[in-house]
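[1] what's the 3D shape of this:
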Amino acid sequence: ALLRVAFPGERLKTAMGAWGGIIGLSSAAGPIVGGLLVENVSWQSVFFINVPVGIAALAMGLWVLSESRARTLSRVDWLGVLLLSVAMFSLVWAIIQAPTWGWGDTRTIGFLAAAVVVGGVFLWWQTRSSEPLLPLSLFANVSVSIGTGLMMLVAFSMFGAMFFLTFFFQGVHGLSPLDSGLRMLPMSAGMIVASPLAAVLLGRFGTKITIAGGMLVTGLAMFLLSRLSLDAAFIDSAIPFVLLAFGLSPVFVGATEIIVGNAPEDLSGVAGGVQQSAMQIGGALGTAILGAIVSARVADVYQDHWAQAKLPELPPQQVEGLQQLATFGGAPTAQMMPGVPEPLVQAIGKVSHLSFLDGMHLGFTVGTGVAVLAAVLALFVKAGRKSDDAPIHMG
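    Presented below is the predicted three-dimensional model:
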């Protein structure tokens, strides 16, 4: 919303590109600084570091930003906040717990039903509230609706990928937090270059072709990640990471410009909130849904890998614990299995890693399909009317 006010018209694409480049720079620094803090201070420090960062951002905002006010909204729709929060919590919690509870369990069904019912009540309330949290008339513009969907799908793929690759690097390859952050550097560094380039491509080739092409490149990257092996070298992950950067950047920049740029200026703050919410919801669903898929796949193949390795039988409770460890790319150590010969511990570790790899491969295969779906969806983006010509009224 701040960019919309400061950079009207065609200048918005350039500003969005610069914004995307800064996101790439910060995402490159985040895993590296986080790794250094975890290794040398404590895991809690990755949260405390946000205090000085937040103070610096606040001071810069007070110094740099010019004042602007929305002429439409005067109060917070607290009931809308509550309803949307409950609906989203119920949905994400059901997806996270379903692998443990079972998809047919009454608790899973209950939380999913609560998500649907409370979500429906939220939508109904938004049509009744005089100043809704999410003016549904905003989505009368087809481009805003599709841009929101694209943002959710691209975040679904990106956050899900990062979540499991962290387990792959630290659990399967045994890398430190800092080394894992360095492994992800090609994607973050690529975004620094790709985001400004995306603004140029959007201006030259238009929204449809650029975003659809970006999602196809993302799909290719996801497919390559689904082929990673146990002994994958740095280059094996670096190539798909760079492809992800050049695939995701046009979608982030383009979808954001679609959502914020097509909204009336009075609702640009709401549109910015929609863009951020779509990214966070997509990321939460990507982590939860792909997590459930990976967990289910590991449970399906663990016993098969155990049998293929011709390992001796263990008590069911101990095997279940090993299987849970494998879901996160972990493997048992000699300290965890006292009295068990070292060769057997290593053999069990390989079973765990192979099982996790099967789950991760399936997760990235699903991510490939999501990227292709988003590419098709991008072809339906329409230019939309300028917000100044077609204001969206409240009430």
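
[2] Please make it C-alpha for all contacts and neighbour counts, starting now.
    OK.

[3] and the most far-flung residue of the chain relative to its centre, helix, strand or coil?
    For the chain, the residue at maximal distance from the C-alpha centroid (CA atoms, centre = their mean) is Gly339, at 42.1 Å. Following DSSP: H, G, I helix; E, B strand; the rest coil, Gly339 is assigned to coil.

[4] cool, and Gly330?
    Strictly by three-state DSSP, Gly330 counts as coil.

[5] show me where the protein has helices.
    2-6, 11-40, 45-48, 50-64, 78-101, 106-128, 142-167, 177-183, 185-205, 207-225, 234-262, 268-308, 316-327, 342-378 (DSSP state H).

[6] ok, back up a step: how about the residue farthest from the centre of the chain, what does it touch?
    By CA atoms under 8 Å, 6 or more residues apart in numbering, no residues touch Gly339.

[7] give me phi/psi at it?
    Note on Gly339: its backbone torsions stand at phi 90, psi -10 [degrees, to the nearest 10].

[8] Report the separation between it and Gln324.
    Remark: distance between Gly339 and Gln324 (CA to CA, to the nearest Å) = 21 Å.

[9] How about Gln308?
    On the measure of CA to CA, Gln308 and Gln324 end up 19 Å apart.

[10] more neighbours, those two?
    With neighbours defined as other CA atoms under 10 Å, Gln308 and Gln324 compare such that Gln324 has more, 17 against 10.

[11] was I right about Ile96 contacting Ala292?
    Yes. With contacts counted by CA atoms under 8 Å, Ile96 reaches Ala292, the gap being 6.5 Å.

[12] before we move on, the earlier item: let's have the helices of the chain in a markdown table, adding distance to Pro135 and mean pLDDT.
    Shown next, in a markdown table, are these (distance: least, CA to CA, whole Å; pLDDT from 0 to 100):
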| stretch | distance to Pro135 | mean pLDDT |
| --- | --- | --- |
| helix 2-6 | 18 | 73 |
| helix 11-40 | 23 | 77 |
| helix 45-48 | 33 | 90 |
| helix 50-64 | 27 | 91 |
| helix 78-101 | 11 | 87 |
| helix 106-128 | 7 | 94 |
| helix 142-167 | 12 | 82 |
| helix 177-183 | 39 | 82 |
| helix 185-205 | 28 | 82 |
| helix 207-225 | 25 | 90 |
| helix 234-262 | 13 | 85 |
| helix 268-308 | 8 | 84 |
| helix 316-327 | 41 | 81 |
| helix 342-378 | 23 | 89 |
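
[13] Out of those helices, flag the one nearest Gln335.
    helix 342-378 (9.9 Å; CA to CA).

[14] Could I get the buried residue list for that closest one?
    Going by neighbour count (16 or more other CA atoms under 10 Å), the buried part of helix 342-378 is 345, 347-378.

[15] Quickly note the distance from the residue farthest from the centre of the chain to Val345.
    Taking CA to CA, one finds Gly339 at 10 Å from Val345.

[16] give me the number of residues near Arg204?
    A count of nearby residues for Arg204, using other CA under 10 Å, gives 11.

[17] Could you do the one 5 residues further on as well?
    A total of 16 residues lie near Ile209 under the criterion other CA under 10 Å.

[18] Okay, it and Val381: tell me how far apart.
    10 Å.

[19] now Gln97
    Look at Gln97 and Val381: by CA to CA, they are 35 Å apart.

[20] now swap in Pro312 and tell me
    Taking CA to CA, one finds Pro312 at 57 Å from Val381.
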